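Everything below, folded, please.
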Amino acid sequence: MSLHSHTWMPSRFNSIRSFFGLLALTAMSVLSPLVAPQAEASIKTMGEAINIAGRQRMLSQRIAQSYLLIGLQPDSKRGPTQLERSLVEFQRNLDDLKAFPPAKSLLEDISTVEDLWKPYKALASAPVNKDNAVELIEQSNPILAAAHEYVGKLQNLSGTTKAEVINISGRQRMLSQRIAKNFLAQHWGVSNKATEDLYNDLAEYENVLGYLMESDINTPAINTQLNKVKGYFNYASQGFDGVMELSEKRLIYVVTGTTDYMLRGMDVTTKMYANLLN
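Residues are numbered from 1 along each chain as shown. Now for the predicted structure:
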């Protein structure tokens with residue numbers, strides 16, 4: 001897949017320097033809300049349940065991405081902070097989903113996720129090295145698949161076609177983090193398939209984003225949010241295309257920062273879709 005066709009760039013990102021400044025000024029405001037403790041832990045609606053279950057897919061990949069970031073940049077506090085918050089949120093979400101009364105019929109499915117989660121959490125909490133990174137990448141795939149299957153069954157349980165768009169939108173959050181994971185795996189040399197998987201995910205992300213932008217249930221606010229996400233994606237694509245003449249450290253900073261903007265944008269969008277179902 002060639003990404004050189006992506007020519008759009010947000011006006012506020014008209015220079016790499018300005019983008020560095022934006023990331024530095026807003027790093028905490030962007031990252032903290034994504035994993036901050038919730039005021040109320042219990043899930044009240046099916047729309048909220050699908051949204052939270054979808055976040056488990058994203059977190060499975062964000063955990064691996066954060067681990068790789070620690071390996072590549074051991075002196076940075078960002079990787080350890082992301083990793084700790086993601087581990088805490090995954091466990092909290094798992095407990096909340098298990099306790100959601102309308103999904104009691106899916107306890108066996110959520111138990112499958114939990115069985116995969118225990119060794120995954122233990123490995124992600126272990127010392128960071130290349131051998132563990134290889135294994136963590138391997139384990140990130142089955143737990144993602146199990147979490148995805150659970151979301152699909154929740155969608156079917158909801159009995160409404162609007163649940164599908166919540167599922168699809170939520171999956172974009174996961175793809176933003178899997179893109180970052182494969183990008184970092186490529187740079188650290190811990191996965192032979194990283195480059196192939198990276199470009200497959202980029203193609204899927206772009207296609208699904210186009211699908212969502214054409215949805216007939218979109219509100220003006222949803223359309224505005226999706227256009228912002230498209231801008232972030234197009235900017236990040238320049239990093240994968242080799243257009244940005246940056247050191248590896250700077251390139252990692254730009255790509256992971258922009259994929260976090262993609263995550264935040266799709267998180268907001270998914271909650272908007274969930275509200276339509278509620």
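
where exactly do the helices run in the stretch 101-250 of the chain?
Taking DSSP state H, counting those that start in this stretch as the test, the helices found in the stretch 101-250 of the chain are 107-124, 130-158, 162-188, 194-213, 220-241, 248-277.

most packed of these?
helix 162-188 (a mean of 24; mean count of other C-beta atoms under 10 Å). The C-beta positions use only the backbone N, C-alpha and C, and glycine is treated the same way.

mean confidence score for that one?
Average pLDDT, helix 162-188: 94.

got any ranges where this structure has weak pLDDT?
Across the chain, the ranges flagged by pLDDT under 70 are 1-41, 242-243.

tell me the residue furthest from the middle of it?
residue 105 (27.2 Å; C-alpha atoms, centre = their mean).

Which residue is the nearest non-sequential neighbour of that residue?
In this structure, residue 105 finds its nearest non-sequential neighbour in residue 157, 7.2 Å apart by C-beta to C-beta, 6 or more residues apart in numbering.

cool, residue 152 as well?
Here the residue nearest residue 152, using C-beta to C-beta, 6+ apart, is residue 167, at 6.8 Å.

what about that neighbour, distance to residue 70?
31 Å (C-beta to C-beta, to the nearest Å).

ok, how many other residues are close to residue 89?
22 (other C-beta atoms under 10 Å).

what about it, distance to residue 78?
16 Å.

Run the chain-centre distance for stretch 177-192.
Taking C-alpha atoms, centre = their mean, to the nearest Å, one finds stretch 177-192 lying 14 Å from the centre of the chain it belongs to.

Repeat that for stretch 165-184.
4 Å.

Enumerate every residue touching residue 278.
Residues in contact with residue 278, defined by C-beta atoms under 8 Å, 6 or more residues apart in numbering, are 45, 46, 47, 48.

what residues are up against the nearest residue to the second one once chain neighbours are set aside?
It stands for residue 46. Leaving aside its sequence neighbours, residue 46 sits nearest to residue 158 (C-beta to C-beta, 6+ apart; 4.7 Å). By C-beta under 8 Å, 6+ apart, the residues touching residue 158 are 46, 47, 50, 277.

What is the nearest of those to residue 182?
residue 50 (25.7 Å; C-beta to C-beta).

ok, that closest one - how many residues close by?
Neighbours around residue 50, by other C-beta under 10 Å: 30.

Taking helix 130-158 as reference, get the angle to the helix or strand hosting it.
Secondary structure assigned from DSSP states H and E places residue 50 in helix 46-72. With axes from the mean of the first three to the mean of the last three C-alpha atoms, to 10 degrees as the basis, helix 46-72 and helix 130-158 are set at 170 degrees to each other.

any idea how far residue 193 is from the spatially closest residue to residue 209 that is not a sequence neighbour?
Spatially, and ignoring its direct neighbours in sequence, residue 209 is nearest to residue 230 (6.1 Å; C-beta to C-beta, 6+ apart). Look at residue 230 and residue 193: by C-beta to C-beta, they are 27 Å apart.

The residue nearest to residue 152 against residue 149, yeah?
No. Applying C-beta atoms under 8 Å as the test, residue 167 and residue 149 come out as separate, 11.3 Å apart.

what's the spatially closest residue to residue 225 that is not a sequence neighbour in contact with, if anything?
Leaving aside its chain neighbours, residue 225 sits nearest to residue 269 (4.7 Å; criterion: C-beta to C-beta, 6+ apart). Counting by C-beta under 8 Å, 6+ apart, residue 269 makes contact with 169, 172, 212, 222, 225, 226, 229.

With distance to residue 250 added, can I get those in TSV?
Formatted as TSV, the contacts of residue 269 follow (distance: C-beta to C-beta, whole Å):
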residue	distance to residue 250
169	31
172	26
212	31
222	33
225	28
226	28
229	23
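
contacting residues around residue 110?
94, 97, 98, 103, 150.

how about those, which pair is most distant?
For the contacts of residue 110, and using C-beta to C-beta, no pair is farther apart than 94 and 103, which are 12.3 Å apart.

Does the residue nearest to residue 105 touch residue 102 like I think?
Yes. Using C-beta under 8 Å, residue 157 makes contact with residue 102 at a distance of 7.1 Å.

Residue 278 and residue 140, how far apart?
31 Å.
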